[in-house]
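Participant: Have a look; sequence and predicted model below, questions after that.
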Amino acid sequence: MSAAGPILELKQVGQWFGSFPALAEINLQIQAGERVALVGPSGAGKSTLISLLNGTLFPTQGEVWAIGRNLSMLSPRTLRRVQQQIGTIYQRFHLVDNLRVVHNVNAGHLGRWSWFKSALSLLWPLEVEVAAKALTQVGIPEKLYDRTDQLSGGQQQRVALARVLVQNPTVILADEPIASLDPERSREIMDLLRNLSQSTGKTLVMSLHSIELAQSHCDRIIGLRQGQILFDVPSTAISPEMIAALYRIDHEY
Ligand SMILES: Nc1ncnc2c1ncn2[C@@H]1O[C@H](COP(=O)(O)OP(=O)(O)OP(=O)(O)O)[C@@H](O)[C@H]1O
């Protein structure tokens, strides 16, 4: 693939869980630097799509390409190298609760650090200044040595974002990053994600339940319904009819 090709691409992707088709016939190209929101009702397949994009799940049909590589065709070692370029933020933060913040932020180095360095850093934190800088970028520099489980939800999501900053990936995926936060904290995290993507050119793909935030923070919105793409449009082109069709409840009598 040329350098100018898409940074993420799904070709005729289908994902089955047993006999259940969670995704079907997904064709999608995302260019470097784009900010894309995945929206749609519960169970539409948003998280499944994110898991395919970061190589934690392999498609039952079709191909998933990231950073120029077909993820299903890579050796475990090469896959880990590609995954190092893809940072993921989750709704439940995925932090180790009983560790100090610095250790959770330093987990962004995993994959690059040796096993020995990672273990040593748990006893005596290494590259503290890198972790401190990342925490400053997300607005909580004073929390470096706090226990992670003593932070609020919004602060924990900032720690998760700092971990991704330390990882310094090319692509950031966020799976409902604000689902467990109040509206004010949600907007702050969304602002951080957008500003980070704008200032560094990182590609951002996130699943969201708020159409309003998807419109205000992303350039492009993809509507998923029952495992298929219902629309894929610039955020300025979203209409009330599209939203209604996306969330329509089909009653069975
Ligand atoms: N590991 C799995 N095993 C079986 N079924 C699964 C698995 N993961 C997802 N599914 C099913 O696939 C469908 C899509 O799930 P997914 O989590 O991707 O939806 P979603 O759009 O992210 O939903 P939500 O907004 O509620 O998080 C759902 O019906 C779900 O039950």
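Facilitator: Perfect, thanks for sending it.
Participant: who's in contact with A134?
Facilitator: Residues counted as contacts of A134 (Cβ atoms under 8 Å, 6 or more residues apart in numbering) are 105, 108, 162-163, 165-166. Every residue, glycine included, has its C-beta placed from N, CA and C.
Participant: now do 6 Å
Facilitator: Shown in contact with A134 (Cβ atoms under 6 Å, 6 or more residues apart in numbering): 105, 162, 165-166.
Participant: and which of those residues is nearest A24?
Facilitator: Nearest to A24, judged by Cβ to Cβ, of these is L165 at 35.3 Å.
Participant: in which helix or strand would I find that closest one?
Facilitator: helix 153-167 (DSSP states H and E).
Participant: Please enumerate residues in contact with the helix or strand hosting I221?
Facilitator: Assigned by DSSP H and E, I221 belongs to strand 220-225. Strand 220-225 has contacts (Cβ under 6 Å, 6+ apart) with 36-40, 44-46, 214, 230-232, 234-235, 238, 246.
Participant: Restricted to buried residues, select these in PyMOL.
Facilitator: Only the buried entries of these go into this PyMOL selection, using 16 or more other Cβ atoms under 10 Å:
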select buried, resi 36+37+38+39+40+44+45+46+214+230+231+235+238+246
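Participant: Tell me where the model's unsure across the stretch 101-250 of the chain.
Facilitator: 111, 113-126 (pLDDT under 70).
Participant: what distance separates the start and the end of stretch 31-50?
Facilitator: Start and end residues of stretch 31-50 are separated by 16 Å (Cα to Cα, to the nearest Å).
Participant: Could you pull up the contacting residues of L57?
Facilitator: By Cβ under 6 Å, 6+ apart, L57 lies in contact with S51.
Participant: and the residue nearest in space to the middle of the chain, what helix or strand is that in?
Facilitator: Nearest to the centroid of the C-alpha atoms of the chain, with distances taken as Cα atoms, centre = their mean, sits L173, at 1.8 Å. According to DSSP H and E, L173 maps onto strand 171-175.
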